[in-house]
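Asker: when you get a sec, could you give me coordinates for this:
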Amino acid sequence: MNTRATLALAAVAGLPLATQAQEIMQVTYGWTEVLANTVTPVGSPNSVVDEGEGARIRLWAGALVWDLIGDANAATAQGAWSTLLGPGLPLTSGTSPGTVQNSGSELRGFGGSQFIIPGGTAVGTNGVGTNGVQMMRSVWTPNSYSNRTVNFLARLSSLVPTGQGAGILLAYGASTALDPNGDPYTYDLLAGKFLALGAGSGLNIPVAPAPSSLALLGLGALVAGGRRRS
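Answerer: This next block holds a predicted model:
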């Protein structure tokens, strides 16, 4: 019988659980420029968080409970988080958008799971889009617009036991039972498996003091003023 992989939090009560994991659950990052503390896109994005702007950060993957750390929790990544959104379908049980920690350099504990009742069947789709399940989508606005690049890196959350922040359910067979009307139905036999997290190099977000167009306007004003004085 073919084994089918379905996404859900591996720590589901009553299911057999693999203790070793070789596979990797890969993280996909993305961000867009928005007006500070809003989800409103900027009119002319330039892939830099200029003064008065923020970054709407989005992560995708298979599952589950993670943290997002900016610059290893350095002060350079401190800021305000707003419009916190947690996982999308099919992770609908125990979902959380996370909590802001360390003055905004960390978003801790965002994630969710599928809750499979005895005799139930897990949803085997990857949610909306081609990047996997949306884990979070939230706006980060830096406290300072000094010129720098801030790196955000995902990790398995410190809120769960070591190594248990990413998992899948494996449908290894099927069985039948009777519903309350006495009619037979088929359900999956499931086993949980924890995976390592492939967080990659993270997400780099450039920050700048002011939009380059404003800087050019300021320089033009200085040149014009110099001409008037000459």
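
Asker: from here on, just use CA atoms for contacts and neighbour counts.
Answerer: OK.

Asker: helices and strands of this structure: which one has the lowest mean pLDDT?
Answerer: Lowest by mean pLDDT, DSSP states H and E among the helices and strands of the chain is strand 4-7, with a mean of 35.

Asker: what about Val139, neighbour count?
Answerer: Look at Val139: counted by other CA atoms under 10 Å, it has 27 neighbours.

Asker: err, Ser175, not the other one
Answerer: 10.

Asker: you'd agree it is up against Thr186?
Answerer: Yes: using CA atoms under 8 Å, Ser175 is in contact with Thr186, at 5.6 Å.

Asker: mutual contacts of these two, please.
Answerer: Counting by CA atoms under 8 Å, 6 or more residues apart in numbering, Ser175 and Thr186 have no contacts in common.

Asker: residue boundaries of the helices in the chain?
Answerer: Along the chain, the segments classed as helices by DSSP state H run 212-229.

Asker: which residue, neighbours along the chain excluded, lies closest to Gln164?
Answerer: Excluding the flanking residues, the one nearest Gln164 by CA to CA, 6 or more residues apart in numbering is Phe194, at 6.1 Å.

Asker: so the one you found makes contact with Gly163?
Answerer: Yes: under the criterion of CA under 8 Å, Phe194 makes contact with Gly163 at 7.2 Å.

Asker: and those two? Which one has more around it.
Answerer: Each of Phe194 and Gly163 has its neighbours counted (other CA under 10 Å); Phe194 has more, 24 against 17.

Asker: about what we covered before: okay, and the beta partners of the residue nearest to Gln164?
Answerer: Gly167 (DSSP bridges).

Asker: can you tell me how far it is from Glu51?
Answerer: With distances taken as CA to CA, to the nearest Å, Phe194 is found 42 Å from Glu51.

Asker: quick one, what contacts Thr99?
Answerer: Each residue near Thr99 by CA under 8 Å, 6+ apart is listed here: 107-110.

Asker: same question for Thr186.
Answerer: 174-177.

Asker: let me have those residues in JSON lines, extended by distance to Ala210.
Answerer: Formatted as JSON lines, the contacts of Thr186 follow (distance: CA to CA, whole Å):
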{"residue": "Ala174", "distance to Ala210": "60"}
{"residue": "Ser175", "distance to Ala210": "62"}
{"residue": "Thr176", "distance to Ala210": "64"}
{"residue": "Ala177", "distance to Ala210": "65"}
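
Asker: quick check: the farthest pair among those residues?
Answerer: Ala174 and Ala177 (10.3 Å; CA to CA).

Asker: quick check, Thr92 in contact with Ser113.
Answerer: Yes: contact criterion CA under 8 Å: Thr92 and Ser113 qualify, at 6.1 Å.

Asker: more crowded one of those two?
Answerer: Ser113 (27 against 16).

Asker: distance of the more buried one from Gly86?
Answerer: In terms of CA to CA, Ser113 sits 11 Å off from Gly86.

Asker: nearest spatial neighbour of Asn143, chain-adjacent residues omitted?
Answerer: Distance criterion CA to CA, 6+ apart; nearest residue to Asn143, sequence neighbours excluded, is Gly79 at 4.5 Å.

Asker: what's opposite the one you found in the beta bridge?
Answerer: The partner residues for Gly79, given DSSP bridges, come to Pro142.

Asker: test my guess that it contacts Ser103.
Answerer: Yes: the pair formed by Gly79 and Ser103 meets the contact definition of CA under 8 Å, at 6.5 Å.

Asker: who has more neighbours out of those two?
Answerer: Taking other CA under 10 Å, Gly79 and Ser103 do not tie; Gly79 has more neighbours (20 against 16).
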